[in-house]
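Enquirer: got a predicted structure plus its sequence, pasted below:
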Amino acid sequence: MNRYPPCPMPPAAAVFGLMPHTDSDFLTILYQDDQVGGLQLVKDGKCFAVKPNPQALIVNIGDLFQAWSNGVYKSVEHRVVTNPHVERFSTAYFFCPSYDTEIESRCEPSIYRKFSFKEYRQQVQEDVGKLGRKVGLSRFTVNAIYS
Ligand SMILES: O=C(O)CCC(=O)C(=O)O
Ligand SMILES: [Fe+2]
């Protein structure tokens, strides 16, 4: 369960409840408060609000799905902006494999090398600690410049 307290906005700016990111799992199932929006998708540098719908759950593709599908399905970048007046709640279920599961696409040519979910999570944690941000899947391409 995520809670976003109300945050007064500085003029002409949005306050991030959650910075732009992709999820490091396989799939995320999300329920956002049916009154208070705030979830936005980021596509081609533009942000699109996801309108709350009390009848619907949001299903986000995660990084592992992108690697497993060899980039056919994209892990969606998203963020949350806070509301200046009301608090917001959301509930996220992160569908993840066991740590030793190996992710590979079996497509030729494969964009990503084979990696375990444990390796991926550890790399994300290390990058956030050292660089202050997640590098994500680009570390795991066959021709990765990082690794
Ligand atoms: O609160 C939301 O709507 C999104 C939460 C989210 O993106 C996350 O927990 O990874
Ligand atoms: Fe997320």
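Expert: That came in fine, so what should we check first? Ligands and ions are numbered 1, 2, ... in the order given.
Enquirer: from now on I want contacts and neighbour counts done on CA atoms only, so please keep to that.
Expert: Fine.
Enquirer: quick check: phi and psi on Lys51?
Expert: Main-chain dihedrals, Lys51, degrees, to the nearest 10: phi -70, psi 130.
Enquirer: name all residues that make contact with Pro20.
Expert: Val42, Glu77, His78, Arg79, Val80 (C-alpha atoms under 8 Å, 6 or more residues apart in numbering).
Enquirer: so which of the residues you listed are also by ligand 1?
Expert: Val80 (C-alpha under 6 Å from any ligand atom).
Enquirer: possible to save the contacts of Pro20 as TSV with pLDDT and distance to Val36?
Expert: Shown next, in TSV, are these (pLDDT from 0 to 100; distance: C-alpha to C-alpha, whole Å):
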residue	pLDDT	distance to Val36
Val42	95	19
Glu77	97	20
His78	97	16
Arg79	95	14
Val80	94	11
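Enquirer: tell me what Val88 is bridged to.
Expert: One correction, residue 88 is Arg, not Val. Beta-bridge partners for Arg88, by DSSP bridges, are Tyr4.
Enquirer: quick one: it from Val59, how far?
Expert: Arg88 sits 19 Å away from Val59, taking C-alpha to C-alpha, to the nearest Å as the criterion.
Enquirer: neighbour count: those two, which is higher?
Expert: More crowded of Arg88 and Val59, by other C-alpha atoms under 10 Å: Arg88, with 20 against 13.
Enquirer: was I right about the more buried one contacting Leu39?
Expert: No. Assessed by C-alpha atoms under 8 Å, Arg88 is found out of contact with Leu39, at 10.4 Å.
Enquirer: how many neighbours does Leu41 have?
Expert: Leu41: 17 surrounding residues under other C-alpha under 10 Å.
Enquirer: quick one, phi psi at it?
Expert: Leu41 adopts backbone torsions of phi -90, psi 150, taken as degrees, to the nearest 10.
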